[in-house]
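Undergrad: Give me a model of this one.
(2 chains, ligands or ions: 2)
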Amino acid sequence: MSATAKTLDKLIKKEYAPGFVTDLEADTLPPGLNEDVIRAISAKKNEPEFMLEWRLEAFRHWLSMEEPKWAFVHYGPIDYQAISYYSAPKTREPPKSLDEVDPKLLETYNKLGIPLYEQERLAGVAIDAVFDSVSVATTFKEKLAAAGVIFCSMSEAIQNHPDLVKQYLGSVVPPGDNFFAALNSAVFSDGSFVYIPKGVRCPMELSTYFRINAAKTGQFERTLIIAEESSYVSYLEGCTAPMRDENQLHAAVVELVALDNAEIKYSTVQNWYPGDEEGRGGIYNFVTKRGDCRGRKSKISWTQVETGSAITWKYPSCILRGDESVGEFYSVAVTNHCQQADTGTKMIHLGKNTKSTIISKGISAGRAQNSYRGLVKILKSAENARNYTQCDSLLIGDRCGAHTFPYIEVKQPTAQVEHEATTSKISEDQLFFCMQRGLSAEDAVSMIVNGFCKQVFKELPMEFAVEAQALLGISLEGSVG
Amino acid sequence: MLKIENLHVRVDDTPILKGISLDIKPGEVHAIMGPNGSGKSTLSHVLAGRAGYEVTAGTVSYLGRSLLEMKPEERAREGVFLAFQYPVEIAGVSNIYLLKAALNAIRKHKGLSEVDAMDFLKLVKEKIKAVNLDEQFLYRGVNEGFSGGEKKRNEILQMAVLEPRLCILDETDSGLDIDALRLVAEGVNSLRSPDRSFILVTHYQRLLNYIKPDCVHVLAYGRIVKSGDASLALELEKKGYGWVDQLVSVGA
Ligand SMILES: Nc1ncnc2c1ncn2[C@@H]1O[C@H](COP(=O)(O)OP(=O)(O)O)[C@@H](O)[C@H]1O
Ligand SMILES: [Mg+2]
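TA: Ligands and ions are numbered 1, 2, ... in the order given. I've put the predicted structure just below:
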């Protein structure tokens, strides 16, 4: 075996550290999906009537839809009746502070490297921790409230801010948008809700940490972020799941709304369990994320580092409706073993002088398949719209694949669209060069991969950049670099 | 410092080196000259531990240890440095990051702590000035878009920062203009010390106008066909590599 292959093998065989299970008493619905299940979810959450109606309508729509088959991924049929659509750790009352949170849960987050207490004390990041179907803790509520920021679980938002929910939920991703979004709309159990009032710069990073724990359950969370005029928020999302032999479904919906001059920066480090070397188990990550730059000069940036999941099907998109609005997509998607990723973005230009940037870095190792799928659509109304797309693929070993599917539709002659794509391989020459300078082969691969991803990593908030690089088995590029 | 005895090396079943012996004492500079394809890079690579070469006979002892049993990164950490004939580009990895990672790997091996960021920056800036590269090269990707001469000077920069014990320069002089050649030579001369040795692989005599070697060896067809002092390089220059063929046929 060559030095490259050996190093890769080592990297690839790395244990999935978040793969443990927390032993908790849970309130779990039996597997199956019908209107009664949806009524039960809605009742458990004590939802107002309008939500139940909304869910039922989505469910009826879903029944008429077919699972999409166009992505470059392969998997057996999903039995939607074999999944449990609700599982929550048993607690009497929703916790008012961290002191009321089940210590086993706190311990779980400590083990995952997200010590909720620490985060609360050290400041900097406010966290909403979502465990299976429900939010178990949200930190920093008071400090945020003082700034007028609402950061709470979706369940709480439905109870306490029904008007905002009514106005915005489904306004970016309508319940019938696609198969998985419809399913999510019918059964979503929790998620995060963020509202930044006019003129407010959110005083800290907001973060949600999603954890799937229970077996045979799906996770269907729903996130809604609203940035009013001239506001700013940076939001981080992280996810892990235990190692299990069966595949688990994660079908989330994220909706972002940016009004005039508002900016939303949404970062994800996705590390769902990817399955084992033979491709057994792992999360099916079928997610709809879309941002609506509704206002003039609004801006939405998606940054994602995708290392986990057996299958990823995900296209965080921007609708550039407001004139001079800006959409950005920075992505690192890593696949190895038998992982499959079909990910990319859609930039829909409607407003004048709108601008979008797409930087996609795909890394493939083992027998994995990594596809970039992107749509840049410039409508007639989008005078002087501009897009720049750069898609780079890095292959490690020779059993993996990288594919690029760029779709470009331009209806406006003044538009400028640029697309660049490269595919490269980590060469023996590069590895030997690094080793001749004293680096181990493993560190050399890490360094080269890290360099390849730099354009994306520099878009991540500091704390996340560290996590992302650690995830790739990489030590942080020095502060002088 | 380095003792090579009867080294035989094959690549893909083809014998390339056919019995090389060299004895390099601490502080010495040995020049290895020879026509293209004579095996100069092969020798350099084998000493540095590159995969793909099969050593079929011979031994190499470096500072009393069997060099051929050491992994490439271990050789590097123990002070073996190869300035590559064709330095590779690594996009996105900044030059200064590579330098720091390399220096720290060597320091760790010696049981030293990581270099202090400020001290490191000072050291690197001083060394880059010596090879007459602009400081901005520190922040560019390793050799990314560098000209041929810039790549070679970058190798010398790395050598100067890492302060190896045994420096192997594989045709670092090739393709350099006279100013760059002088800089490379100054880089080597300033590193010369009683406990550091050099192997200068070169095709031309002109580098040796600036670096005075203790020994000159002529390599041809995988063998050292003649060894001598600095004057041998001049003789070779005068007579050309055609003379080497004569030497080989006489020796054979
Ligand atoms: N990887 C390789 N595979 C096959 N032959 C090689 C390989 N590397 C070098 N050679 C052959 O070995 C001989 C010596 O090459 P090299 O050491 O590069 O010579 P020099 O550096 O003196 O020009 C040449 O005939 C070359 O073609
Ligand atoms: Mg050569």
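Undergrad: for the stretch 101-250 of chain B, what spans make up the helices?
TA: B:117-130, B:148-162, B:178-191, B:230-239, B:242-251 (DSSP state H, counting those that start in this stretch).
Undergrad: What is the second one packed up against?
TA: With contacts defined as 3 or more CB pairs under 8 Å, 6 or more residues apart in numbering or on different chains; DSSP states H and E, the packing partners of helix B:148-162 are strand B:80-83, helix B:95-109, helix B:117-130, helix B:178-191. For glycine as for every other residue, the C-beta is placed from the backbone atoms N, C-alpha and C.
Undergrad: Return the most buried member of the ones you listed.
TA: Stretch with highest mean neighbour count among the helices and strands packed on helix B:148-162: strand B:80-83 (a mean of 26; mean count of other CB atoms under 10 Å in any protein chain shown).
Undergrad: before we move on, back to that, any idea which of the helices of the stretch 101-250 of chain B scores lowest on pLDDT?
TA: The stretch with the lowest mean pLDDT among these is helix B:242-251, at a mean of 73.
Undergrad: angle of that helix against helix B:230-239?
TA: Interaxial angle of helix B:242-251 relative to helix B:230-239 (axes from the mean of the first three to the mean of the last three CA atoms, to 10 degrees): 110 degrees.
Undergrad: For helix B:242-251, which outside residues touch it?
TA: Residues from elsewhere that reach helix B:242-251, judged by CB atoms under 8 Å, 6 or more residues apart in numbering or on different chains: B:34, B:35, B:218, B:220, B:221, B:223, B:225, B:226, B:235, B:236.
Undergrad: Please apply the same query to stretch B:222-239.
TA: With CB under 8 Å, 6+ apart, stretch B:222-239 has contacts from B:15-22, B:31, B:33, B:38-39, B:42, B:204-205, B:208, B:212-219, B:243-244, B:247-248, B:251.
Undergrad: Correct me if wrong: residue A:405 contacts residue A:371.
TA: Yes: using CB atoms under 8 Å, residue A:405 is in contact with residue A:371, at 6.4 Å.
Undergrad: Drop anything exposed from the contacts of helix B:242-251.
TA: Using 16 or more other CB atoms under 10 Å in any protein chain shown as the burial test, the contacts of helix B:242-251 include B:34, B:35, B:218, B:220, B:221, B:223, B:225, B:226, B:236 as buried.
Undergrad: How about the contacts made by the second one?
TA: Which is residue B:35. Residue B:35 neighbours (CB under 8 Å, 6+ apart): B:203, B:220, B:241, B:244.
Undergrad: distance of the closest residue to ligand 2 within chain B from residue B:219?
TA: Residue nearest to ligand 2 within chain B (CB to the ion): residue B:41, separated by 3.1 Å. Separation of residue B:41 from residue B:219 (CB to CB, to the nearest Å): 11 Å.
Undergrad: so what pLDDT did residue 18 get?
TA: Chain wasn't specified; assuming chain A. pLDDT, residue A:18: 66.
Undergrad: ah, I was thinking of chain B
TA: Value for residue B:18, per-residue pLDDT: 95.
Undergrad: just residue A:131 next, same as before
TA: With respect to pLDDT, residue A:131 scores 67.
Undergrad: between residue B:41 and residue B:219, which one's more packed in?
TA: Higher neighbour count among residue B:41 and residue B:219: residue B:219, with 22 against 19, using other CB atoms under 10 Å in any protein chain shown.
Undergrad: So in terms of bridging, what pairs with that one?
TA: Residue B:219 has the following beta-bridge partners by DSSP bridges: residue B:224.
Undergrad: do the same with residue A:192
TA: Beta-bridge partners recorded for residue A:192 (DSSP bridges): residue A:153.
Undergrad: And it, how close does it get to chain B?
TA: Separation of residue A:192 from chain B (CB to the nearest CB, to the nearest Å): 33 Å.
Undergrad: Need the pLDDT of that residue.
TA: pLDDT for residue A:192: 89.
Undergrad: was I right about it contacting residue A:153?
TA: Yes: here residue A:192 reaches residue A:153: they are 6.5 Å apart, a contact under CB under 8 Å.
Undergrad: Tell me where the model's unsure across chain A.
TA: Low-confidence segments of chain A (pLDDT under 70): A:1-26, A:89-101, A:104-106, A:108-127, A:130-139, A:211-216, A:239-245, A:463-481.
Undergrad: Which residue would be the closest one in it to chain B?
TA: For chain A and chain B, the shortest gap (CB to the nearest CB) falls at residue A:451, measuring 3.0 Å.
Undergrad: residues in contact with that residue?
TA: Neighbouring residues of residue A:451 by CB under 8 Å, 6+ apart: A:477, B:90, B:91, B:92, B:93, B:94, B:141.
Undergrad: ditto for residue A:198
TA: The contact partners of residue A:198, by CB under 8 Å, 6+ apart, come to A:228, A:229, A:230, A:231.
Undergrad: what residues are up against residue 220?
TA: The chain I'm using is chain A. A:85, A:133, A:183, A:184, A:187, A:188, A:189, A:250, A:251, A:252.
Undergrad: wrong chain, I was asking about chain B
TA: Residues in contact with residue B:220 (CB under 8 Å, 6+ apart) are B:34, B:35, B:38, B:241, B:244, B:245, B:247, B:248.
Undergrad: before we move on, the earlier item: now the two most distant members of the contacts of residue A:451.
TA: A:477 and B:91 (13.7 Å; CB to CB).
Undergrad: and the closest residue to residue A:345 other than its chain neighbours, how many residues sit next to it?
TA: Excluding its sequence neighbours, the residue lying closest to residue A:345 (CB to CB, 6 or more residues apart in numbering or on different chains) is residue A:329, at 4.0 Å. Close neighbours of residue A:329, defined as other CB under 10 Å, add up to 27.
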